[in-house]
Structure formats: C-alpha cells, structure tokens
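J.: here is a sequence with its predicted model. Questions after.
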Amino acid sequence: MQNQRRHIRFEPDDNTIILVVLDSEPCFSGLCISEAQGGASGVFLTNLKLKVGEMCYIKVGKLDSISSEIVWIKELDNEVVKVGFKYLS
C-alpha cells in the first residue's frame, strides 16, 4: 500500500505545545504529537468546541503563528481528542 501523505511526518521535541486561537473561543493549548511541512496534530481535551473545517491560528512550539484549518478530529476517549491541522500559508 502506498503512503498517501504529501509530507514526511516527524516527532516534535518533548512537551511541544500547540496554541490554538479560534474566533469563537479563547486561546487554548494541547500537546503536539506530530509535525510536518504541511501541518501538525495534537491531543486536546474533549470539552473544547472544535469543528472540522474551522479556520484558526496555531502556534507550534517556538514557530511563529500560522493560519490553519482543522481537517480531522478523532475521539480517543471521553476526555481527549486528537486533532489534525493543515497549514494554509
């Protein structure tokens, strides 16, 4: 089976935080679990009101903030979700 990813994934430095800013919510944070040239993913508390297709700004670790889109959300358990972001610029 061929890998359908456009960019190579790599592990972030230990304890890398993703800060997320949505128009509808205050800034919140999660733990980054993978990074790539085209986006990142992280784990967040379930009680956040995240929606696939929603535009936001994210700051991954020491990188500058970048405009992003939430492209997928996977529920891991009752308290935690895994969220994928695609960089838009």
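T.: Alright, I've got the coordinates.
J.: so which elements touch the helix or strand hosting residue 84?
T.: Residue 84 is part of strand 80-87 when elements are defined by DSSP states H and E. With contacts defined as 3 or more Cβ pairs under 8 Å, 6 or more residues apart in numbering; DSSP states H and E, the packing partners of strand 80-87 are strand 39-45, strand 66-75. For the C-beta atoms, the positions are set from N, CA and C on the backbone; glycine is no exception.
J.: can you give me the neighbour number for residue 42?
T.: When neighbours are defined as other Cβ atoms under 10 Å, residue 42 has 23 of them.
J.: so it makes contact with residue 19?
T.: No - no contact is recorded between residue 42 and residue 19 when judged using Cβ atoms under 8 Å, the distance being 10.0 Å.
J.: about what we covered before: ranking the helices and strands packed on strand 80-87 by burial, who's on top?
T.: strand 39-45 (a mean of 19; mean count of other Cβ atoms under 10 Å).
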